[in-house]
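[1] need coordinates for the below:
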Amino acid sequence: MTQLFGAIVRGLRARALLSAGSVLLTALAIGSAVLGPVFSEAVTNSYVVTRLQETPPGLTGLSRVFTPDSGVPLEQAESDAVAASRELSPGPWREPVPIAQSERFSALRGVVTFWSRAGACETLEIQGRCPEAPGEVLMLAADVEKTGAEIGEPLPLAIFEPSGVAALGLPRPALDEVVVVGSYVTPVAADEWLIPGRLTSTNEQTSIQGGYQPYAPAPLLTTDDTVVAAGAWTVRVDTHLDVPADLTPAQLDQAARAASAVPRDATVDVPGGTLRADDTNSLADVVAEVRFQQSTARSSIAPAVLSLVLVALALLMRLLNAASELRVPELALASLRGVTARRLWGLGLSEPVVLLLLATPLGVAFGVGLSVVLVRSWLVPGLPLPLPAASWAAAALVLLAAGAVACVAVGLVVRESLASQLAGVRRPVAARRWSVVAQLGLVALAVATLASKLSSGGRDEPDATDLVLPVLLAVVAGLAATRLTAVLATWWTGRSRGRSLSGFVSSRAISRRQEGTLVILPITAAIAVAVFGAGVYDSAATWRTSVAATASPAHTTWSTTLTLAEAIELTRRVDPDGEWVMAAASAANPAANFSIVDSSRLEQVALWPPTWSPGLEVGDVVDVIAPAGEVPTIEGRRLSLTIDNRAGMDRGLAVEVRFGSRHGRPLKAYLGPFPEGRSTRSVAVPFCRSGCPLEGMTLGGGAGTTTAMSGSLRVLEVSVDGQRAPAAIEGAGWTPTPDPSVQSSILEMEESDGVLEMTVDTGDSVGMARITAGGLTRNRPALAGPRVQDRAIDKLDEGYGLIPVDRVAEIEGMPFTGPTGLLVDYSSFLTDRPVYNNLMTVRVLAREGTPPAITDALSEAGLSVGTTLARERHVLDQSAYALALRLYGVVAALVLLMALAGLFVSAAVQLPARRRDAAALRVVGVPRSSVMVAVVRELAVVLGSAALAGILAGSLAQWVVLRTITLGYADDPTTPALVAAISPLRLAVLALLAAAVLGAVALVSASLTVRGARGATLRESAR
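    Presented below is the predicted three-dimensional model:
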């Protein structure tokens, strides 16, 4: 035993480089096995935390309304409400917050509520002071402006009641007036208020179906006494979900059960009253998503780790083979001495077993250490490191696999005949039957998997076959490159006789030295996995940016209850230069949603990923959808028109001027009559004192009606408050109103030198000269997503508050609606047509670095931050898909490092044999330069074929996989498609990098080979 131990130590020292490489690769394989289950469970736990932290608290928290028993005072009711909610909410919840709220009252020309909350002023940004006495209130800053309230002055409540509000049958408050002592703005974050959107106002609107929404100012924040004095009241209890870093899926299940303890459609009897749910809690959906992410983490991370383990074992096989081949003389001598086969196997396996024993603790330490680094770097701070039993089971399996690799490597030498062992240099021989069967099986499996992926329709979540495919293709490519390189080298050897000496020598070395071509397989596998990992990681990162930009098309997306016209007016008022904010909206429509943008600000403010419109810059997109003219804006109190009437009208000409709509009501003004010849008429337009769009005019009978006319009409001048407004005509793009239902009398129309000239003729009938600004056409120009079908566009002509469009081109994505949308300019939706605001969801987009003055103005107008690009991207980056692909980036780096380490070790091991060959050539008179060129050619062919095969296999795997998976949990139809494109630039960079590294290895190895090739080398070998 002592002699065996000494022999093992001497052998490991003599082959120290191979021993170190083998220990390193085994440790990497074991560490990868430990890493996989640890990272999989940590990803799931991290996803639970980040998913809940990034979800708006209104979707995860509890909001319940407590109705006390008759005669219970408010203070007692709040205590009972908190106790009842806490009793029904076991799990990770924060302390409940009670809010006293009045019933809905008819006041201030709308619907008013009073709220009281302890410490409310400390959680809000207010101007003025906090209410202290009965009857004192805080109002939303935007409502102060709308209602004409003045800080410190009484505000009457029971004023005129619109018919729509009266139809609701709401009571009047018991208070005749309140004193507004301050104003507040809607909170930006939901840290203190569960749903900040409740602290904003809604405008009066009428829907296309005739429904009515009254004006509802934000809650009037006041004292408890005021709430009680106003009338009936209840207590709202808001509870935030507590999300610590160590939150587990089991705790999430408990919270989800608590969220469903109080139903939304029924009340629950509790001590002191009843409790009902009044929230938007969706924890059940989050739980279902977490379950899906758990399976995704397992199916995505396991193949990533598997690829690393397989490459490590392949390289380990190569190094153990090399070590066994160096021990051939030792094993041959033992055979000559009559050592039995069992002892010969024991002698052969002694060194590999010692290497595996040394590598095991190092591998476990590497796996745990890398897990700690990745969890601390990528996952939520403070997340505890799990150590599941699956990690130790996987490490044991890898250790057994490494032992099997060692047995195979030793068996390939032990089973050789004694004559072959004594031959010195191993020549290529016919493959064994089991080897051929295994290789053909791998080829068949790779072809079947590839055909399955190519024939699958649509995209789906990634499964094991998607992420194992690059390993299969890499192995097959490596086998093919090895066989093809040897065959071509043999052919070239016969062809090059009498030609280049260096070419003959290099090709003969490749065809006759088996050790040289064995390195192709592991190098090919490593490069293929690296190319695939880098390509998919980059494509997925680009895709996640596209998905995030669909939800938040700018740095910050503000939510608002304003109409689109009001939002556009607001952005133009707070940012007149159009550099920081813009209004946008989405309109839902089956099979063809609308993405409505202010195209004049799109390029400056919005984020437009290049994958949305391949081949089109954002400026090109703007040019396609922008209107032919700019709708003029007038600002003043009195409008004047100068018209030259030569239309032969009996009763004179009347003009209707349209200024869009405000608060759901159209704004119009009427001027006339205009007698024959040149005349000027004026009208008061007080609603335009702060500016309003001049969208259209009708020249005809009184009040915009039809009449008989024939001749010409010339609009000579538009003036506001006595000052000529040239932009009202020049560049405004006036056209006959593109509405087939209009009885138009216009035959010709043109704008020349600031004068609008029309030729009109109604013949024997009647008509009107109705014109619209903005250069609009009947079918508005639009860019369509790939999922918008032609029949959906055809149905737009049927009305329903939408607009007919002309599909100018197709793009892959757009704000809010993604591939299911039609991108149009806001003027196409708003200008000179009835607008149904209930169809649209309006946002305001703000670019990064927006000045505080502008963001403060948005908050004061009642807007709140809905989401941000960083928030949307962070949620996607923390999904199991993204984290699994991050691990693929680590795998790509590790396999490249392993490949380089294996290459250096292999080159060092082959160096003595190469020196002997080079010395033999030098002895017979071959020039040093020819020997140098021959060695460089040999290594360049071998390593170049491995690099080429790896790049091709990795690129093919990337292209196939990206065609069939989504690379993220985003099953919404608005999710942009993943572009299955392979970046030529990335491949060129990888090819150049591979050429540089492998070329350097070839040059260094050739230099060392030639430098040591002397006659003494042959004499040393002979001894």
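[2] low-confidence bits of the stretch 101-250 of the chain, can you list those?
    Applying pLDDT under 70 to the stretch 101-250 of the chain flags residues 207-210.
[3] show me the helices in it, by range?
    141-147, 163-166, 224-230, 249-259 (DSSP state H, counting those that start in this stretch).
[4] any chance of JSON lines for those, columns mean neighbour count and distance to residue 113?
    Every residue, glycine included, has its C-beta placed from N, CA and C. Shown next, in JSON lines, are these (neighbours: other C-beta atoms under 10 Å; distance: least, C-beta to C-beta, whole Å):
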{"stretch": "helix 141-147", "mean neighbour count": "21", "distance to residue 113": "12"}
{"stretch": "helix 163-166", "mean neighbour count": "14", "distance to residue 113": "14"}
{"stretch": "helix 224-230", "mean neighbour count": "20", "distance to residue 113": "9"}
{"stretch": "helix 249-259", "mean neighbour count": "18", "distance to residue 113": "25"}
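[5] out of those helices, which comes closest to residue 568?
    helix 141-147 (16.2 Å; C-beta to C-beta).
[6] for that closest one, packing partners?
    When contacts are defined as 3 or more C-beta pairs under 8 Å, 6 or more residues apart in numbering; DSSP states H and E, helix 141-147 packs onto strand 177-184, helix 852-860.
[7] residues in contact with that helix: which ones?
    108, 127, 139, 149, 151, 155, 180, 183-185, 200-201, 215, 217-218, 859-862 (C-beta atoms under 8 Å, 6 or more residues apart in numbering).
[8] which residue packs closest to the residue nearest the centre of the chain, ignoring adjacent ones?
    What sits nearest the mean C-alpha location of the chain, by C-alpha atoms, centre = their mean, is residue 544, with 2.5 Å. In space, and not counting its chain neighbours, residue 544 is closest to residue 876: 4.3 Å by C-beta to C-beta, 6 or more residues apart in numbering.
[9] per-residue pLDDT, the one you found?
    Here the pLDDT value assigned to residue 876 is 81.
[10] other SSEs contacting the helix or strand harbouring it?
    According to DSSP states H and E, residue 876 maps onto helix 869-877. Under the contact criterion of 3+ C-beta pairs under 8 Å, 6+ apart, helix 869-877 touches helix 16-54, helix 520-551.
[11] list the buried residues for the first one?
    This means helix 16-54. 17-53 (16 or more other C-beta atoms under 10 Å).
[12] just checking, residue 862 touches residue 559?
    No - counting by C-beta atoms under 8 Å, residue 862 does not reach residue 559; the two are 9.9 Å apart.
[13] higher neighbour count, these two?
    residue 862 (27 against 19; other C-beta atoms under 10 Å).
[14] which residues does the more buried one contact?
    By C-beta under 8 Å, 6+ apart, residue 862 lies in contact with 140-143, 185-186, 200-201, 218, 560-562.
[15] relative to residue 861, how far out is the closest residue to it other than its chain neighbours?
    Excluding the flanking residues, the one nearest residue 862 by C-beta to C-beta, 6+ apart is residue 142, at 4.0 Å. Counting by C-beta to C-beta, to the nearest Å, the gap from residue 142 to residue 861 is 5 Å.
[16] ok, which of the helices of the stretch 101-250 of the chain comes nearest residue 69?
    Taking the helices of the stretch 101-250 of the chain one by one with C-beta to C-beta, helix 224-230 is closest: 15.6 Å.
[17] which helices and strands does the closest one pack with?
    By 3+ C-beta pairs under 8 Å, 6+ apart, helix 224-230 packs against helix 74-87, strand 97-102, strand 114-116.
[18] angle of the first one against helix 249-259?
    This points to helix 74-87. 140 degrees (axes from the mean of the first three to the mean of the last three C-alpha atoms, to 10 degrees).
[19] render the CA-only coordinates of stretch 814-825 in PDB, please.
    Below are the C-alpha coordinates for stretch 814-825, written out as PDB (Å, rounded to 0.1, in the frame of the first residue of the first chain):
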ATOM      1  CA  MET A 814     -45.800  50.400 -30.400                       C
ATOM      2  CA  PRO A 815     -46.700  52.000 -27.100                       C
ATOM      3  CA  PHE A 816     -49.300  50.300 -24.900                       C
ATOM      4  CA  THR A 817     -50.800  48.000 -27.600                       C
ATOM      5  CA  GLY A 818     -47.700  46.300 -29.000                       C
ATOM      6  CA  PRO A 819     -48.300  44.100 -32.000                       C
ATOM      7  CA  THR A 820     -52.100  44.300 -31.600                       C
ATOM      8  CA  GLY A 821     -52.400  48.000 -32.300                       C
ATOM      9  CA  LEU A 822     -52.800  50.800 -34.800                       C
ATOM     10  CA  LEU A 823     -50.400  53.700 -34.300                       C
ATOM     11  CA  VAL A 824     -52.100  57.100 -35.100                       C
ATOM     12  CA  ASP A 825     -51.500  60.700 -34.300                       C
END
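[20] in that stretch, what's buried?
    Buried residues in stretch 814-825, defined by neighbour count with 16+ other C-beta under 10 Å: 814-825.
[21] for stretch 204-218, same thing?
    Buried residues in stretch 204-218 (16+ other C-beta under 10 Å): 204-205, 213-218.
[22] so which of the residues you listed are in strands?
    Secondary structure from DSSP state E places 205, 213 of those in strands.
[23] the buried residues of stretch 204-218 into a markdown table, with extra columns for distance to residue 900?
    Output for the buried residues of stretch 204-218, formatted as a markdown table (distance: C-beta to C-beta, whole Å):
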| residue | distance to residue 900 |
| --- | --- |
| 204 | 70 |
| 205 | 66 |
| 213 | 67 |
| 214 | 72 |
| 215 | 70 |
| 216 | 68 |
| 217 | 69 |
| 218 | 64 |
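[24] which of the buried residues of stretch 204-218 lies closest to residue 738?
    Of the buried residues of stretch 204-218, the one sitting nearest to residue 738 (C-beta to C-beta) turns out to be residue 205, at 25.9 Å.
[25] now that closest one: how far from residue 168?
    14 Å.
[26] and for residue 871?
    37 Å.
[27] the more surrounded of those two?
    residue 871 (19 against 12).
[28] right, and that one touches residue 557 too?
    No - counting by C-beta under 8 Å, residue 871 does not reach residue 557; the two are 9.4 Å apart.
[29] end-to-end on stretch 975-986?
    26 Å (C-alpha to C-alpha, to the nearest Å).
[30] then stretch 184-193?
    With C-alpha to C-alpha applied, stretch 184-193 spans 13 Å between its terminal residues.
[31] buried stuff in that stretch?
    184-188, 190, 192-193.
[32] and residue 145, how far from residue 857?
    Distance from residue 145 to residue 857, by C-beta to C-beta: 12 Å.
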